[in-house]
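Participant: let me see the structure of the following:
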Amino acid sequence: MAEGKQLYLDEDPIRVPGINYSVISFLTPRGPQKCETFGVKVRGSFDTYDQANAHAQRLAKVDPAFDIYVVDCYRWLTAAPDPNLLDKKVYNNPTLNTLMESYQQEQERAKQLFEERKAKLFGVMLVLRGVLIYTTGSLRVVRGARARLQALPERMDAATAALRAADSATQAAKAAAPKNTVQYLPTLDMFFAGKSVGTYLSDNMFKLNDPHPSGT
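Facilitator: Residues are numbered from 1 along each chain as shown. Prediction:
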C-alpha cells in the first residue's frame, strides 16, 4: 500500500441480486476447537435475515460443534468475535435459552434498583451533611453516619432474588451442555459509535476523524 493512501470501509456498491445475508462459522486458535490456523466457512447466502436465521437454526441442530453467525454481505466483519461480547444470541438448548433471557431481564432490573437505592442513599447523605454542618459545624458525626449507612445490606427484593436464582440456574445449565449459538455478527463499522465511516491507513491503524470523500 502506498504511503498515506487511505481505504474507506464502505459497503460494496456492486451487489448480487437476492443475496444480502450469509451464514458463517469460524475456526480459530482461541476457539473451542483450538485450530492452529484461522479458518472460515460460508454455510449459505440468502436474500433476507429471516431466511438466513432459519438456515442457521437448522444447521445448529445437525452441527452443534460450532458457533454459527448470521452476517451482512458487502460489509466488513469482525473475525472471529468473542461470543460473550455479542448481545443477540439464541441457544440451541431451549431451557438454557429461556434461562439466559430471564437472566438478562433480571440483571437489568437489579441494576435499575441498585441505581435507585444508591441515589436515595446519596440524597439522605446530602441532607444529613447539610443539617449537621448547619447545627454543629462538624463533619465527624456525618462521617460516622455515612459509614453505618454504607454498611447496611441491600434489600432482598423479588428482582434481586430472581437474578440470583437465574444466575445459579444458568451456571448449572452451562456446565451440563456446551454453548452452541446462532448469532448476528455486527459489522466492523458498528463498533465505532457515532462515526459513519473509518479509514484504514498504511500503518494498520483505524483513523476515524478524517472526513469521507462523499461528505458523509
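Participant: kindly check the end-to-end length of stretch 15-23 for me.
Facilitator: Terminal residues of stretch 15-23 lie 17 Å apart, using C-alpha to C-alpha, to the nearest Å.
Participant: list the buried ones in that stretch?
Facilitator: 20-23 (16 or more other C-beta atoms under 10 Å). Where you see a C-beta, it was placed from the backbone N, CA and C, and this is true even at glycine.
Participant: which helix or strand in the chain has the lowest average pLDDT?
Facilitator: strand 199-200 (a mean of 38; mean pLDDT, DSSP states H and E).
Participant: that older thread, what about the buried residues of stretch 15-23, which are in strands?
Facilitator: Members of the buried residues of stretch 15-23 lying in strands (criterion: DSSP state E): 21-23.
Participant: tabulate the residues you listed in a markdown table, adding columns for pLDDT.
Facilitator: Supplementary listing: these in a markdown table, determined by pLDDT from 0 to 100:
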| residue | pLDDT |
| --- | --- |
| Tyr21 | 93 |
| Ser22 | 93 |
| Val23 | 92 |
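Participant: for burial, what's the neighbour tally of Asn53?
Facilitator: 20 (other C-beta atoms under 10 Å).
Participant: can I see the domain layout of this structure?
Facilitator: 7-92+179-207, 95-175 (automatic domain parsing).
Participant: hey, least reliable of those by pLDDT?
Facilitator: Mean pLDDT across the domains of the chain is lowest at domain 95-175; the value there is a mean of 59.
Participant: give the contact list for the nearest residue to Asp12 once chain neighbours are set aside.
Facilitator: Closest residue in space to Asp12, ignoring its immediate chain neighbours: Tyr74 at 4.0 Å, by C-beta to C-beta, 6 or more residues apart in numbering. By C-beta atoms under 8 Å, 6 or more residues apart in numbering, Tyr74 lies in contact with 11-12, 15, 20.
Participant: if you set the cut-off to 7 Å instead, what comes out?
Facilitator: Listed by C-beta atoms under 7 Å, 6 or more residues apart in numbering, the contact set of Tyr74 reads 11-12, 15.
Participant: take the residues you listed and lay them out in a markdown table including distance to Arg117 and secondary structure.
Facilitator: Output for these, formatted as a markdown table (distance: C-beta to C-beta, whole Å; DSSP: H, G, I helix; E, B strand; the rest coil):
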| residue | distance to Arg117 | secondary structure |
| --- | --- | --- |
| Glu11 | 45 | coil |
| Asp12 | 50 | coil |
| Arg15 | 52 | coil |
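Participant: now do the phi/psi pair for Gln112.
Facilitator: phi -60, psi -40 (degrees, to the nearest 10).
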